[in-house]
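# Next one to model:
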Amino acid sequence: LLLLSLIWGDTLPYFYTFLLVNGALLAVATAETAIIFAYLQLCREDFHWWWRSVLHSGSVAAYLFAYSVYYVVAASEFSDFVSTALCVAYSFVLSVAAGLACGALGFLSTHAFIRIIYGAVKAE
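Numbering: from 1, shown residues only. Presented below is the predicted three-dimensional model:
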């Protein structure tokens with residue numbers, strides 16, 4: 001609730017530092033999660049990892065949107081329908097953008113990992 005209250009509220013104390021630290025943690029966790037799921041998938045000899053790496057790491061968008069809707073319902077003080085609908089619409093757009101960014105990060109980190117592990121294999 002802190003991040004959403006900082007965005008929609010009147011004050012911005014420590015906002016940029018908070019956003020930077022949480023963005024870095026999100027990037028590391030997204031990359032690690034995508035790599036682990038791709039590795040487990042490759043251990044099952046299922047080599048179609050491309051879209052699954054995007055979907056596994058991009059699924060953060062669903063959580064972000066659900067949390068945004070929870071914030072609008074539980075903690076916001078919007079009085080009319082237009083403000084509520086506008087907040088939900090902006091949250092949806094932001095969630096889609098975050099899902100695309102995390103999906104791209106997951107795909108790129110998984111692609112780099114797979115290139116490294118298959119680059120170490122010697123074919124003779």
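# Now do the helix or strand hosting L86: which elements does it pack against?
Taking DSSP states H and E as the criterion, L86 maps to helix 81-119. If you count contacts as 3 or more C-beta pairs under 8 Å, 6 or more residues apart in numbering; DSSP states H and E, helix 81-119 packs onto helix 15-43, helix 50-58, helix 60-74. C-betas here are computed from N, CA, C, even on glycine.
# most neighbours per residue, which of those?
Most buried of the helices and strands packed on helix 81-119, by mean neighbour count (mean count of other C-beta atoms under 10 Å): helix 50-58, with a mean of 20.
# Not counting its own residues, what contacts it?
With C-beta atoms under 8 Å, 6 or more residues apart in numbering as the test, helix 50-58 has contacts from 30-31, 33-34, 37-38, 41, 99-100, 102-107, 110-111.
# rerun at 7 Å
30, 33-34, 37-38, 41, 99-100, 102-103, 105-107, 110 (C-beta atoms under 7 Å, 6 or more residues apart in numbering).
# Redo those residues as CSV? Include distance to S68 and pLDDT.
Listed next are the contacts of helix 50-58 as CSV, based on distance: C-beta to C-beta, whole Å; pLDDT from 0 to 100:
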residue, distance to S68, pLDDT
T30, 18, 95
T33, 21, 94
A34, 23, 94
F37, 25, 94
A38, 29, 93
Q41, 30, 92
G99, 13, 95
L100, 16, 96
C102, 15, 95
G103, 18, 95
L105, 20, 96
G106, 21, 95
F107, 24, 96
T110, 27, 95
